[in-house]
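*Asks:* heads up, no residue letters with this:
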């Protein structure tokens, strides 16, 4: 069995956010991350978006597993709660 390329490999985006001090107002840059939390019987995945200016969690979800749908729901929660008036830069620590 061999792998076949279906197109060009995407390149990583340039590093737009160099330092935390680049963030000068709320609702301009949000970071997303997830972590697995051990429970008595298994693990739960906490997905969240954090406003890098205020350091407030603006959207979150705790599920038994993480999917693209869960992360999109967390993003929509953040948008509904914060109602940004302009574009928001989304920063991921893992580059996903």
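*Replies:* The structure has been received and is ready for your questions. Since this is a predicted model, take the numbers as computed values, not measurements. Residues are numbered from 1 along each chain as shown.
*Asks:* Now name the helix or strand holding residue 72.
*Replies:* helix 68-82 (DSSP states H and E).
*Asks:* pLDDT (mean, whole number) over that helix?
*Replies:* The pLDDT scores in helix 68-82 average 95.
*Asks:* buried ones in the helix or strand that that helix is followed by?
*Replies:* Helices and strands here follow DSSP H and E; after helix 68-82, the next one along the chain is strand 89-92. Of the residues in strand 89-92, those buried by neighbour count under the rule 16 or more other Cβ atoms under 10 Å are residue 91. From N, CA and C alone the C-beta is placed, and that goes for glycine too.
*Asks:* Ok, stretch 59-78 next?
*Replies:* Of the residues in stretch 59-78, those scored as buried under the neighbour-count criterion (16+ other Cβ under 10 Å) are 59, 61, 66, 70-71, 74-75, 77-78.
*Asks:* Then stretch 31-45?
*Replies:* Along stretch 31-45, the positions that meet the burial threshold by neighbour count (16+ other Cβ under 10 Å) are 31-32, 34, 45.
*Asks:* And the contacts of that stretch?
*Replies:* Residues lying outside stretch 31-45 but in contact with it, judged by Cβ atoms under 8 Å, 6 or more residues apart in numbering, are 46-50, 52, 62-66, 70-71, 74-75, 90-94.
*Asks:* same thing but at 10 Å, please
*Replies:* By Cβ atoms under 10 Å, 6 or more residues apart in numbering, the residues outside stretch 31-45 that reach it are 17, 20, 23, 46-52, 55, 58-67, 70-71, 74-75, 78, 89-94, 96.
*Asks:* What of stretch 81-96?
*Replies:* With contact meaning Cβ under 10 Å, 6+ apart, stretch 81-96 is reached by 12-13, 15-17, 22-23, 25-34, 49-52, 54, 56-59, 68, 71, 75, 78-79.
*Asks:* Just the buried ones among the residues you listed, please.
*Replies:* When neighbours are counted using 16+ other Cβ under 10 Å, the contacts of stretch 81-96 contain these buried positions: 23, 27-32, 34, 49-52, 58-59, 71, 75, 78-79.
*Asks:* ok, now which ones touch residue 30?
*Replies:* 23, 48-53, 56, 58-59, 75, 78-79, 82, 84, 88-92.
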